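Q: Got a predicted structure plus its sequence, pasted below:
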Amino acid sequence: MAGVNTNTLGVIANTSTDISWYVTALQNSGAAVQCYSEDAFTSHATPGTKLHPLSCLPRDSLILVAEPVAETCYSYLEAALTSWGRHDVRVIAASVSHNSIFVAGPSHTVNAYLPLLRGPAIPVHHVSRDFGSAAKLQLVHDHLMGVHVVAATEAMGLAARAGLNTSQIYNIIVKAAGHSTAFETRAKKMLTGDWTPGSTLNQTADKLAKVLDRARDLHFPLPLASAAEQLYIMASSLGHGAADDSAVIRAYMPTDAGAIKEATRRSTVTNELTPTSSPGEIASVGMVGLGAMGQGMAASLLRAGFAVNGFDMNATAVSKFVSNGPKARGVSSAADAMSNSAVVVLMVQNATQADDILFGPGNGVESLSDHTVVILSSTVPPSFVRKLGAKLQNLGRGISLLDAPVSGGVARAANDAWSWMMENRTGQMLDADWTPHSALAIFVKDLGIVLNETKRLGFYSPIASAAHTLYLNGAAHGWEKEADAGVVRLWELAGVSVSGSARPPSETIQSSKMNLPRLPAAETLASLPKEYQGDVLSSIKRVVESGQVPTLVILDDDPTGTQTCHDINVLAVWDAETLAREFIASPVGFFILTNSRALPSSEARRLIMEICENVKAAATKAKKTFEIVLRGDSTLRGHLPEEPEAVEEALGQFDGWVLTPFFSQGGRLTIDDVHYVREVDVLVPVSQTPFAQDATFGYKNSNLRRYILEKCGPRFDEGSFLSISLDDIRLGGPSAVAQKLLSVPSNPDLVIIVNAVVDADMHVFVAGLLKAEQQGRRYLFRTGAAFVSSRLAIPAIPPLTLDDLGVDKFAAPHTGGLVLAGSYVPKTTAQLQRLRERRGDELHVLELPVTKLVSSARVAEALVGAAAQEASETLAAGKDVLVMTSRELVKGTDALSSLSIGSKVAQALVALMGGVNVRPRYIIAKGGITSSDAATKSLRMRRARVLGQAAPGVPLWMCTEETSRHRAVPYVVFPGNVGSEDTLADIVESWAV
């Protein structure tokens, strides 16, 4: 496929499909295009017909089917290709909409012909491998475009009617959350009065009509599109069908559509930027209202260096605010917050509260100093702002009112960023994440204000009205305090689920191979070829130490990824300056602890992008090259495809992904592309273990090919995989591995699956990989821990003891050792039971009930405080302490809420660890989230040294930095799913004094 050497393509289209402009663009870019009707292949299907279309196409030509077409088109086309023996000709489906091309077909075919399709410099988007998908996406695209065009005209018409300068409004919105391409292009035409059609009103209306026809066939309601269609019909009936589709403004303003252009000449405030005030110029800022948005805004002011006096009726909110540092001063009343503040920000819920704070019983306005600036950041009716401004002016004290309502949501308020509607909301819908970064209640209130104002102005606003009704419907379902994106659940009544459709339906993944048999371990392993002979690890070490390979930067999604390494650093921070120093100090490689497995997928994606961008900047500064490894769970739990795609977005595409979850110490073996977990004498397909039932990262497939298809959707197909088999590794060695890697062309949609059952297998693969990389290949790695130690040429060493760490067990006095156990997996539960049985009275046990930890913050705080005090006293007496969560698995209603429960439990353990005021002899943290949070939040580690292992697969760290807490205490990162039932007890017993 990489050898495509033709610029010829045949285009099949029916007469109603608007593809002529794309055909012309292809021809202008040098392509030879032959056009056929939809029925061109329904007859003459035998080679005896010299004039058959296939006889005119050169070798390796492409046939582009412009959808929609009849379902029989593809079957007729396939029959013709078979009959004529034209297996060299490839077929791709395409759909054309508003200067964008959506294509469907096998990934390898689409990738091979992308240069031809993109020749005219027109965006081409690969939708799916399934024909018909392109036409479906076109419907979605046309629906969005049709509605957005009308929404843009309604907004600009309202701005003109409200007496605003429309040019200024345009400049604000194109940089704000409500921006869209439809707004930018159509509003610009309205501002200039240019109705020259880019897309005519009738064309856009026809596309929207097709969307609604299909929706009616599916019994799927589209209230906004239906309202928009009526406006297009009205504007067309007024004679504007041949004008640009922005002429739909005529439906709103039949006689004065030019008012938008006229409004550009209205006088405005100066366009010069307001001079920035420094913290030194403003003694303090008063913040009244520390709710969801107010907390973030206050935090932003504090980061900028301002002193802030904060008040809220909720004492917990004030306490949270005060935790931001010494410049965050909590006060007991709104009057105290406003007193002696040069600037006062009111971030309250509504107009009534704002008026009550200033002019209510407390008469807070008397606390204001003369010439104070009052910033009203609540979204309130314009009429209220006018009245409030007049009341303040009439005081004659020079007090100014600034109307500055905020938008962007809770998270964006905290980090000074915009909230982009499609990008942010769609991500929440895909994840079924209803965290209220922007609550639905805000739109219920704000659109209500808009509609009251349009009523006062006598302006027709059907789109805003229809949208408000949808938000009210969502509020009536009890979603008012959840994310505004949750309104999508209204359409679940029509039988659809956006989050459920974000992955391929399980039936498309399932096959008879899903129910893989369990295998007898000894017999299966004995049947494999003998291991490759030779000291491969030494050859890797020579290459690594010679500096011939890039620095290996391992992004570890929880701390357990260091379980095969020793004498290497792990960073818990990733600013560019720290990373640049680490590139110099550790040129071979280093870990970065991301703990991304504990985050929602959208946050994990953003985090990985941020880290990769910082790594790139640091490497440039240090003049180093680097490779990224995403070290993930050897039982396949984690963010896929979000994390690899985030790396690609930050660093560009690679020559393929390498997937190798093998980890021998945990019994995680890959044979014939199937991943197994060894349980005593049986190899169990990983999908049949409790790990696959994970509430957040569950999956159905043990075959790694099907696992990728299950997790990653249409990006990959059956032709996307290359297997490095055990025969390749054990019979052919590094040269055979390198040859196989180089036997396929570079392809970002290639997934290389590595089979391995012992560490020596991984050494051989890495040696072959390095040979391939010397030929210019560049891969992205999603791996278990074994790959990292092989790639860094780190040999295995025996588990470390207290003697190895220089701890004299017989010296006195000694404090006790502390074990924190948050992991809930069955293996951890069994290990804890054995620990308690074996240590008996030598171990003091504190059990925290999970149901109470997640019930309320107050209950959790009381439990944790008492446990921390008891643990401190016991440790001081020299006795070992086990702090464990209750063993019942508490799940949420969905993946995200289950992840949230895990985070709350980890937070409780972190708080407990922070409350322990005695330096333990050692610390063992059981579970990935627990060990990460304890290291970074309780012990304040920024950079630690991986000394080795306390047991096979159980990392042992030590942090000696001045900024850390309990410096130089041995810190054991004990994965929840590693070891036998006795491993934990073995460590505690051997480390006893």
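A: Received the coordinates, thanks.
Q: What's the first helix or strand after the helix or strand of the chain with the lowest mean pLDDT?
A: Taking mean pLDDT, DSSP states H and E as the measure, helix 506-509 is the helix or strand of the chain with the lowest mean score, a mean of 33. Sequence order places strand 519-520 as the next helix or strand after helix 506-509, per DSSP states H and E.
Q: just how off-centre is that following strand within its chain?
A: In terms of CA atoms, centre = their mean, to the nearest Å, the centre of strand 519-520 is found 38 Å from the chain centre.
Q: Stretch 119-127 too?
A: On CA atoms, centre = their mean, the centre of stretch 119-127 falls 25 Å from that of its chain.
Q: Only alpha carbons, please: show that stretch as PDB.
A: What follows is stretch 119-127, C-alpha atoms only, in PDB (Å, rounded to 0.1, in the frame of the first residue of the first chain):
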ATOM      1  CA  GLY A 119      -3.700  17.600  -2.600                       C
ATOM      2  CA  PRO A 120      -6.100  20.700  -2.800                       C
ATOM      3  CA  ALA A 121      -5.100  21.700   0.800                       C
ATOM      4  CA  ILE A 122      -8.600  20.900   2.000                       C
ATOM      5  CA  PRO A 123      -9.100  19.200   5.400                       C
ATOM      6  CA  VAL A 124      -9.800  15.500   5.200                       C
ATOM      7  CA  HIS A 125     -11.100  13.700   8.300                       C
ATOM      8  CA  HIS A 126     -11.000   9.900   8.700                       C
ATOM      9  CA  VAL A 127     -14.200   9.000  10.400                       C
END
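Q: what's next to that stretch, contact-wise?
A: 7, 22, 25-26, 28-31, 99-104, 107, 110, 114, 117-118, 133-134, 137, 714 (CB atoms under 8 Å, 6 or more residues apart in numbering). (C-beta placed from N, C-alpha, C; glycine too.)
Q: domain assignment for this structure?
A: Structural domains assigned to the chain are 8-131, 139-265, 285-409, 421-502, 519-791, 818-990, following automatic domain parsing.
Q: what's the pLDDT at Gln869?
A: Gln869 carries a pLDDT value of 95.
Q: For the domains of the chain, which has the smallest mean pLDDT value?
A: domain 8-131 has the lowest average pLDDT among the domains of the chain, namely a mean of 74.
Q: where's Ser980, which helix or strand?
A: Applying DSSP H and E, one finds Ser980 in no helix or strand.
Q: That one and Ile923: what is the separation?
A: 22 Å (CB to CB, to the nearest Å).
Q: Looking at these two, which is more packed in?
A: Ile923 (24 against 15; other CB atoms under 10 Å).
Q: list the contacts for the more buried one?
A: Counting by CB under 8 Å, 6+ apart, Ile923 has contacts 817-820, 913, 934, 939, 966, 969-972.
Q: Going by distance to Val150, which of these wins?
A: Ala934 (53.8 Å; CB to CB).
Q: burial count for the closest one?
A: 28.
Q: so it makes contact with Val910?
A: Yes: taking CB atoms under 8 Å as the definition, Ala934 is a contact partner of Val910 at 6.0 Å.
Q: what kind of secondary structure is Leu552 in?
A: strand (DSSP: H, G, I helix; E, B strand; the rest coil).
Q: partners of it in the sheet?
A: Gly589, Glu627 (DSSP bridges).
Q: what about it, how many neighbours?
A: Neighbour number of Leu552 under other CB under 10 Å is 22.
Q: List the residues that contact it.
A: 588-590, 626-627, 629, 788, 791-792.
Q: how near is it to Pro975?
A: Distance from Leu552 to Pro975, by CB to CB: 21 Å.
Q: now Lys320
A: 33 Å.
Q: Same question for Ser377.
A: 46 Å.
Q: Surely Val553 touches Gly589?
A: Yes: contact criterion CB under 8 Å: Val553 and Gly589 qualify, at 6.8 Å.
Q: ok so, going back, of Ser377 and Pro975, which one has the most company?
A: The neighbour comparison of Ser377 against Pro975 (other CB under 10 Å) goes to Pro975, with 29 against 21.
Q: Skipping its backbone neighbours, what lies nearest the residue nearest the centre of the chain in space?
A: Residue closest to the average C-alpha location in the chain (CA atoms, centre = their mean): Ser602, at 2.2 Å. For Ser602, ignoring the flanking residues on the chain, the nearest one in space by CB to CB, 6 or more residues apart in numbering is Gly427 at 4.4 Å.
Q: where's the one you found, which helix or strand?
A: helix 421-431.
Q: Skip ahead from that helix and say which helix or strand is next.
A: Moving toward the C-terminus from helix 421-431, the next helix or strand (DSSP H and E) is helix 440-457.
Q: Pull the residues that contact the very next helix or strand once past that next one.
A: Once the chain leaves helix 440-457, the next helix or strand it forms, by DSSP H and E, is helix 462-476. Residues outside helix 462-476 that contact it (CB under 8 Å, 6+ apart): 147, 150-151, 154, 223-224, 227-228, 230-231, 440-441, 443-444, 447-448, 450-451, 454, 480, 484, 486-487, 489-490.
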